[in-house]
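Trainee: Need coordinates for the below:
(one chain, ligands or ions: 1)
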Amino acid sequence: MTSRSEFVDDFSSRYDFADEFLVVCPKCTSKAKVVPSVPWISGNLHKVERKLVCSNCGYFDQKQPENGIMMHADKDWFFHQPLFYTIETSQGILYAYNDKHLDFLESFISAQLRSREVRDEGGWSNKSQISRLPKWVKLAKNRDLIINEIKKVRSRC
Ligand SMILES: [Zn+2]
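Mentor: I've put the predicted structure just below:
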C-alpha cells in the first residue's frame with residue numbers, strides 16, 4: 001500500500017464497478033478485458049486472481065492481486081493498464097472502467113440535460129460515485145460536449 005490517498009474515500013463506490021476493467025491491450029492497443037479468473041464473488045477483490053485477455057490479438061496474462069490494491073481512476077487495479085474508456089474533452093478527462101460504468105456516467109450526465117433540477121442527492125443508486133465526479137462533469141455547459149465524447153469512445157469498440 002504505497003499510496004493511502006488512492007485508497008480511502010471512494011472504496012465502496014468504485015468497488016461497484018471493479019468486477020471488470022476494459023483496458024488498452026498492451027500488445028495491439030485494442031480493447032482488452034481484465035476479469036477474475038474464477039466467477040466473481042463479491043468481497044473477494046483482494047483474493048481472486050485476475051486475467052488480462054484480448055480477443056483481437058490473443059494476448060493473455062494473469063496475476064494475483066497485490067497486497068495493497070491501487071484503486072486507480074485511470075488504469076485497471078491489477079495490471080495497471082490504461083483504461084480503454086478514456087474520455088478526453090477540452091475541459092478534462094473522464095474515465096470509465098467498463099460498459100456498466102460508462103452507461104452509468106452517460107445516464108447521469110444526460111439525465112441532467114433533461115432536468116436541471118436533478119441533484120446529487122436525488123435518487124441515484126450510486127451516490128458516492130456521483131459526488132466524487134469532477135465539477136466540470138456536472139456543469140450544464142459541458143454536458144453536450146461530454147455526451148458527444150462518450151459516443152465517440154463507444155463507437156471505437
Ligand atoms: Zn491485443
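Trainee: got the domain boundaries for this protein?
Mentor: As recorded under automatic domain parsing, the domains making up the chain are 4-63, 85-155.
Trainee: my read: residue 19 touches residue 35, true?
Mentor: Yes. Contact between residue 19 and residue 35 holds when scored by Cβ atoms under 8 Å: they sit 7.3 Å apart. Just so you know, the C-beta spots here come from the backbone N, C-alpha and C atoms, and that holds for glycine as well.
Trainee: how far away is residue 111 from the ion?
Mentor: Distance, residue 111 to the ion, using Cβ to the ion, to the nearest Å: 35 Å.
Trainee: pull the CA atoms of the helix ranked longest in the chain into PDB?
Mentor: Scanning the chain for the longest helix, with DSSP state H as the assignment, gives helix 99-114. Taking Å, rounded to 0.1, in the frame of the first residue of the first chain, the C-alpha atoms of helix 99-114 are listed here in PDB:
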ATOM      1  CA  ASP A  99     -19.600  -0.600 -20.100                       C
ATOM      2  CA  LYS A 100     -21.700  -0.600 -17.000                       C
ATOM      3  CA  HIS A 101     -19.700   2.300 -15.600                       C
ATOM      4  CA  LEU A 102     -19.800   4.200 -19.000                       C
ATOM      5  CA  ASP A 103     -23.600   3.700 -19.100                       C
ATOM      6  CA  PHE A 104     -23.900   5.000 -15.500                       C
ATOM      7  CA  LEU A 105     -21.900   8.100 -16.300                       C
ATOM      8  CA  GLU A 106     -23.800   8.700 -19.500                       C
ATOM      9  CA  SER A 107     -27.200   8.300 -17.900                       C
ATOM     10  CA  PHE A 108     -26.300  10.600 -15.100                       C
ATOM     11  CA  ILE A 109     -25.000  13.300 -17.500                       C
ATOM     12  CA  SER A 110     -27.900  13.000 -19.900                       C
ATOM     13  CA  ALA A 111     -30.500  13.000 -17.200                       C
ATOM     14  CA  GLN A 112     -29.100  16.300 -16.100                       C
ATOM     15  CA  LEU A 113     -29.600  17.500 -19.600                       C
ATOM     16  CA  ARG A 114     -33.300  16.800 -19.400                       C
END
